[in-house]
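S.K.: Quick check, what structure comes out for this input:
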Amino acid sequence: NWPQAAGPHGDWSLRVATEVPTSFNVASGKNVLWTKQLDESGQSGIVVWEDRLFLTILEPYQAETSADNKTSCVRALCLNASSGETIWRYEIESSGTTGYMGGFSDLSSPSPITDGQFVWFTNAGGKMVCLDWQGSLVWERSWRSENEILKPTKAFPFNKQFEPFIVGDTLVHAQPFDRQDGAREAGWHYLYGLDKKTGKEKWISEDALTQYNTPGFSLNALGKPTALIGRGGYHNVPESPAGFSMIDLQDGKSLWQSAAAEPADTALSNACFNERFAVWMSENDNRLTVLNSQN
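M.R.: Residues are numbered from 1 along each chain as shown. Coordinates of the predicted model:
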């Protein structure tokens, strides 16, 4: 099973006892069980649970109805892993729109998550849904994009490199904070810990992150579930200071925060850490930063 973008362990790895294929060739059919023509493009990853595959594509383009070559809808798909047959599909509308075949990311870019009983899909324009194994809606959650909050006259979904993930009964998701509480900044992105069964907020992280960043997370590197989140990037992202924070995924508290060497530094690369070190690469000059992951 590959239940989320970063796999079952959250580190993009899978450990198996048997030998698996390592080379594939669609032209010759080598190690290819089937291929399937999808109804539209999509940028999400594919997650796997036993005999089912889950992925997200954009709403199929229709010239007469797709105004300005844009859409606000994505289509969640459940496929039979053995044949590619579509078992069910579900349309997810959002308040934001993007074009087809986006050069960076589009509404379909976040990967689904599953635990073998439910599946969670995200429309990057501002909606997450929980579906049961039969494809029926359990709950949905909507939010406003950063630009809707900070620049409503120029509202559009921000580029999405963030991938939601699951830790126990908690979905970890990123969205802009849309109110004032004296501790967080409206329009900045934060991690949200959501109850997977209801979609209700359990916690919101103390520190912000930039949506350019895909946090690395671990269930046990620091003796408990933690994530390393980053701030800094192009197009005047508001979250500051540039740098990284280690977040306790049990309550959203910040274990530590580190500022980057340069105020305009980037946090675009995936951050990695283990029980000793936390590392990331600055895109501007290929500078490697290494920290003590404990503090």
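S.K.: which residues of the stretch 51-200 of the chain score low on pLDDT?
M.R.: 64-67, 146-160 (pLDDT under 70).
S.K.: which residues in it form helices?
M.R.: 146-150 (DSSP state H, counting those that start in this stretch).
S.K.: Which parts of it are strands?
M.R.: 52-58, 70-80, 86-99, 113-114, 118-123, 127-132, 137-142, 165-167, 170-176, 189-195 (DSSP state E, counting those that start in this stretch).
S.K.: May I see those arranged in a markdown table, with mean neighbour count and distance to residue 28 as well?
M.R.: Heads up, the C-betas are built off the backbone N, CA and C, glycines and all. Listed next are the strands of the stretch 51-200 of the chain as a markdown table, based on neighbours: other Cβ atoms under 10 Å; distance: least, Cβ to Cβ, whole Å:
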| stretch | mean neighbour count | distance to residue 28 |
| --- | --- | --- |
| strand 52-58 | 22 | 23 |
| strand 70-80 | 22 | 23 |
| strand 86-99 | 17 | 26 |
| strand 113-114 | 24 | 32 |
| strand 118-123 | 26 | 33 |
| strand 127-132 | 20 | 36 |
| strand 137-142 | 15 | 42 |
| strand 165-167 | 20 | 36 |
| strand 170-176 | 24 | 40 |
| strand 189-195 | 22 | 44 |
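S.K.: Export these to CSV and append columns for distance to residue 6.
M.R.: Compiled in CSV, these are given as follows (distance: least, Cβ to Cβ, whole Å):
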stretch, distance to residue 6
strand 52-58, 15
strand 70-80, 20
strand 86-99, 22
strand 113-114, 10
strand 118-123, 15
strand 127-132, 18
strand 137-142, 21
strand 165-167, 6
strand 170-176, 11
strand 189-195, 15
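S.K.: Against which helices or strands is the helix or strand containing residue 256 packed?
M.R.: In this assignment (DSSP states H and E), residue 256 forms part of strand 254-259. For strand 254-259, the packing partners by 3 or more Cβ pairs under 8 Å, 6 or more residues apart in numbering; DSSP states H and E come out as strand 201-209, strand 243-248.
S.K.: So which of these is nearest residue 286?
M.R.: strand 243-248 (17.1 Å; Cβ to Cβ).
S.K.: now the angle between strand 201-209 and the closest one, please.
M.R.: Orientation check (axes from the mean of the first three to the mean of the last three Cα atoms, to 10 degrees): strand 243-248 against strand 201-209 gives 160 degrees.
S.K.: For strand 243-248, which strands pair with it and how are they oriented?
M.R.: Take DSSP bridges as the rule and strand 243-248 pairs in its sheet with strand 226-231 (antiparallel), strand 254-259 (antiparallel).
S.K.: Deepest in the core, which of the ones you listed is it.
M.R.: Highest mean neighbour count among the strands paired with strand 243-248 (mean count of other Cβ atoms under 10 Å): strand 226-231, with a mean of 26.
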